[in-house]
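S.K.: coords below, sequence missing:
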């Protein structure tokens, strides 16, 4: 007997529930379903871990920024950054502060020369350090998030592949048996559509999670860019 998308067991036993349809699936169908389930599980893991990570990063950055604007000395802010949990804003400050300290030591060791050109180069060095720190933070926040976009776009098509494969086998079975009544067609069609349903179950949460996480990352990135500009202005006024 030719196997359809799911083997003939469930249909013969008049058992049409989803679990039975999945358990009696053919090898191709099981491969599709297992792949979609794995993608769904990984997507939920990414959504949960990244949502928690971004929530902590945002709240820690806000606490650091509050402390930064309430403290007048950068040395005191440095001490606070060592005591507080790491955050994107604090790491950005630390990168700029370390570069500033290096430049100040270098200036003290060198003779006074072209002050204007030296100051411009020093500001650019600090700006590059801030940009590197911001890029590192954004890369860390975006890590694993593209998998959600992959699941959202590929999941329905993987499920559609399983459905098309199942319908093809269903029509082949009809041709072999010569019977085209509802009792013969319905089980195979129902079995084939399970793959599309599982594909949508995997894709819909991935789309929603990707949009939510992307928005959270954009908010934190904008806050970092704003702080970077303010920090550079403070350095210009105080040291250059």
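M.R.: Good, I have the coordinates. Values in this document were obtained by computation on a predicted structure and should not be read as measured data. Residues are numbered from 1 along each chain as shown.
S.K.: just want the most central residue of the protein.
M.R.: residue 145 (1.3 Å; Cα atoms, centre = their mean).
S.K.: what are the ranges of the helices in the chain?
M.R.: 8-12, 18-23, 27-70, 74-83, 88-109, 115-142, 145-177, 182-239 (DSSP state H).
S.K.: reformat those as JSON lines; add mean pLDDT.
M.R.: Converted to JSON lines, these look like this (pLDDT from 0 to 100):
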{"stretch": "helix 8-12", "mean pLDDT": "41"}
{"stretch": "helix 18-23", "mean pLDDT": "67"}
{"stretch": "helix 27-70", "mean pLDDT": "92"}
{"stretch": "helix 74-83", "mean pLDDT": "89"}
{"stretch": "helix 88-109", "mean pLDDT": "86"}
{"stretch": "helix 115-142", "mean pLDDT": "82"}
{"stretch": "helix 145-177", "mean pLDDT": "86"}
{"stretch": "helix 182-239", "mean pLDDT": "87"}
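S.K.: for residue 167, which non-adjacent residue is spatially closest?
M.R.: Setting aside the residues directly before and after it, residue 167 is nearest to residue 192 in space (Cβ to Cβ, 6 or more residues apart in numbering), at 4.9 Å. For glycine as for every other residue, the C-beta is placed from the backbone atoms N, C-alpha and C.
S.K.: same question for residue 144.
M.R.: Counting by Cβ to Cβ, 6+ apart, the residue nearest residue 144 is residue 46, at 4.9 Å.
S.K.: I'd say residue 100 and residue 238 touch.
M.R.: No - counting by Cβ atoms under 8 Å, residue 100 stays clear of residue 238, with 9.6 Å between them.
S.K.: give me the common contacts of those two.
M.R.: residue 74 (Cβ atoms under 8 Å, 6 or more residues apart in numbering).
S.K.: out of these two, which sits in the more crowded spot?
M.R.: residue 100 (20 against 10; other Cβ atoms under 10 Å).
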